[in-house]
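In: predicted model and sequence below, questions to follow.
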Amino acid sequence: MDMHIEVKEKSMLVRLRGEIDLAVTDTLRESLEKELDDNSLIKNLIINLEGVTYIDSSGLGVILGRYRRVSRYGGKVFIVGATAQVKKVLELSGLLNIMQECPSEALALDLAG
């Protein structure tokens, strides 16, 4: 898994590539939590899954945990660019019922305000 984190105004933009499974979820969780802890201005989370080829339940758990954290303070989570396979997993898990899917990072940033 490759990860790039960028903070833009009150949003944290996370670009992920590769497989998101048990082998990498601790690293992913720790990186996201550190950024959220270090920057109290972050309200929303934008997760770009365009380069993700596979996600399992542990990866879904990391995303859900960060959703719970930002939504507690009125923030939102946006999912961008999920491939058909990854989108199906997100739909089956119910995550797309509580998170907003966006066709682009730019639109997600606009909606995040």
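Out: Nice, I can see it.

In: pull the longest strand from this protein.
Out: Longest strand in the chain, counting residues (DSSP state E): strand 44-55.

In: and after that one, which helix or strand comes next?
Out: Following strand 44-55 in sequence order, the next helix or strand is helix 57-71 (DSSP states H and E).

In: ok so, going back, C-alpha coordinates for the longest strand of the chain, CSV please?
Out: Extracted C-alpha coordinates of strand 44-55, given in CSV (Å, rounded to 0.1, in the frame of the first residue of the first chain):
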residue,chain,number,x,y,z
ASN,A,44,-13.5,16.4,7.0
LEU,A,45,-11.8,13.4,5.5
ILE,A,46,-11.5,12.8,1.8
ILE,A,47,-10.3,9.3,0.9
ASN,A,48,-9.2,8.8,-2.7
LEU,A,49,-9.5,5.0,-3.4
GLU,A,50,-8.8,5.3,-7.2
GLY,A,51,-5.6,3.3,-6.9
VAL,A,52,-6.9,0.7,-4.5
THR,A,53,-7.2,-2.8,-6.0
TYR,A,54,-8.5,-4.6,-2.9
ILE,A,55,-10.0,-3.8,0.5
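
In: can you tell me the strand partners of it and which way each runs?
Out: strand 11-20 (parallel), strand 77-80 (parallel) (DSSP bridges).

In: ok, now which ones touch the residue nearest the centre of the chain?
Out: With distances taken as CA atoms, centre = their mean, residue 47 lies nearest the centre of the chain, 3.2 Å away. Going by CB atoms under 8 Å, 6 or more residues apart in numbering, residue 47 touches 14, 16, 63, 77-80. Placement of C-beta: from N, CA and C, glycine included.

In: tell me the confidence at it?
Out: Residue 47 carries a pLDDT score of 98 in this model.

In: between the strands paired with strand 44-55, which one is nearest to residue 42?
Out: strand 11-20 (4.8 Å; CB to CB).

In: how much does that closest one deviate in direction from helix 57-71?
Out: 170 degrees (axes from the mean of the first three to the mean of the last three CA atoms, to 10 degrees).
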